[in-house]
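Visitor: Compute the structure for the input listed below.
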Amino acid sequence: METTPEKYQQYVRQKQKKSPLAKDLALAFLIGGLICVVGQLIQDGYAAAGLEQEDAATATSISLVFLSALLTGLNLYHRIARFGGVSLEGYFGILIGLFILKSGFEALRDGASEVIGSRTDPALVHGIKALINAHEEVEGTYDLIVNSYGENVANASVHIQVKDGLSAREIHGLTKALTAEVYQAYGIALTVGIYASNDSDPEAAAIKNDLLSLIKGKPNLLQMHGFYVDPATKIITFDLIFTFEEKKPADRAEEVRSALQERYPDYRVIAILDTDYTD
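Guide: Next up, the predicted model:
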């Protein structure tokens, strides 16, 4: 009897057991999900053991490769495939590939953060500021910038506000104490700059109150600091910080400066545009 390819395919379809599609899909989804859960549990275990996130992901990929080889050696792949109707080699291959991609992405992201720069950890910022503000001579802490050059290698700069009546000897002692305390607590070499404050002077206090009324409710304005009135030179200076959402911070700062200048024409008003580096 002559058999054509078409007749043979028809014969095979007649004899072939029909696959329960819904059951196979459900089992494939279940087993694939379980493999992903196992992979995540392995990674969480490595992280709990003290490995960094990148190292934990790498160790997870190695572990999955080992498990794949072990299942092959024990001839368990075929048995599980018969039960679940899925190819475990494919699942393990995809999962290992995803972990490798994830590790690579995280390494690239972390490396880019070191080069481009990233915002300092708020907990570190608040800790340093709290330590500085604990000194009674300090009226405020501003412009904190932390520069990291690798693990346990960092320096920082900050401005503190103090009364303008403090002597050079007192400021020297204060800044030396601050740098020593920050280094002991965080291992960070700190440089301290000074903002002088003369709010106790009635004229300076009145000008400051006018400035505060001008900036009250200004959108995207985070902070005003470094305010000082020098009666000898007739100069008023202050810093303004706007959020990064403000598209024209220089224009907004000039609006504040010119408004205060109109109220005090005998003074020269200088508004310095500052940057929001840390929380």
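Visitor: what's around the closest residue to residue 254 other than its chain neighbours, how many residues?
Guide: The shortest distance from residue 254 to any non-neighbouring residue, by C-beta to C-beta, 6 or more residues apart in numbering, is to residue 271 (7.1 Å). No exception for glycine: its C-beta is placed from N, CA and C like everyone else's. The number of residues packed near residue 271 is 22, by other C-beta atoms under 10 Å.
Visitor: how much space between residue 271 and residue 131?
Guide: 30 Å (C-beta to C-beta, to the nearest Å).
Visitor: Contacts only, for residue 163.
Guide: Taking C-beta atoms under 8 Å, 6 or more residues apart in numbering, we find residue 163 in contact with 137, 139, 196, 197, 198, 200.
Visitor: Mind listing the residues bridging to it?
Guide: Counting by DSSP bridges, residue 163 is bridged to residue 197.
Visitor: Show me which positions of stretch 167-175 end up buried.
Guide: When burial is assessed from 16 or more other C-beta atoms under 10 Å, stretch 167-175 yields the following buried residues: 171, 174, 175.
Visitor: that older thread, which of the contacts of residue 163 are buried, as a ChimeraX select command?
Guide: Selecting the buried subset of those in ChimeraX, with 16+ other C-beta under 10 Å as the burial test, is done by:
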select :196,197,198
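Visitor: Next, format the contacts of residue 163 as TSV and append pLDDT and distance to residue 45.
Guide: Converted to TSV, the contacts of residue 163 look like this (pLDDT from 0 to 100; distance: C-beta to C-beta, whole Å):
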residue	pLDDT	distance to residue 45
137	96	50
139	95	50
196	94	56
197	92	54
198	90	60
200	83	61
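Visitor: Got the domain ranges for this protein?
Guide: The chain breaks down into these domains under automatic domain parsing: 20-116, 120-197, 198-279.
Visitor: want to try JSON lines for these, with distance to residue 6 as columns?
Guide: As requested, those are exported to JSON lines (distance: least, C-beta to C-beta, whole Å):
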{"stretch": "domain 20-116", "distance to residue 6": "25"}
{"stretch": "domain 120-197", "distance to residue 6": "69"}
{"stretch": "domain 198-279", "distance to residue 6": "69"}
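Visitor: Let me know how buried the closest residue to residue 199 other than its chain neighbours is, in neighbour terms.
Guide: Using C-beta to C-beta, 6+ apart and skipping residues adjacent in sequence, the residue nearest residue 199 is residue 205, 5.4 Å away. Residues near residue 205, counting by other C-beta under 10 Å, number 13.
Visitor: Please determine how far the residue nearest the centre of the chain is located from residue 201.
Guide: Residue closest to the average C-alpha location in the chain (C-alpha atoms, centre = their mean): residue 119, at 5.4 Å. According to C-beta to C-beta, residue 119 stands 37 Å off from residue 201.
Visitor: for residue 193, same thing?
Guide: Taken as C-beta to C-beta, the span from residue 193 to residue 201 is 22 Å.
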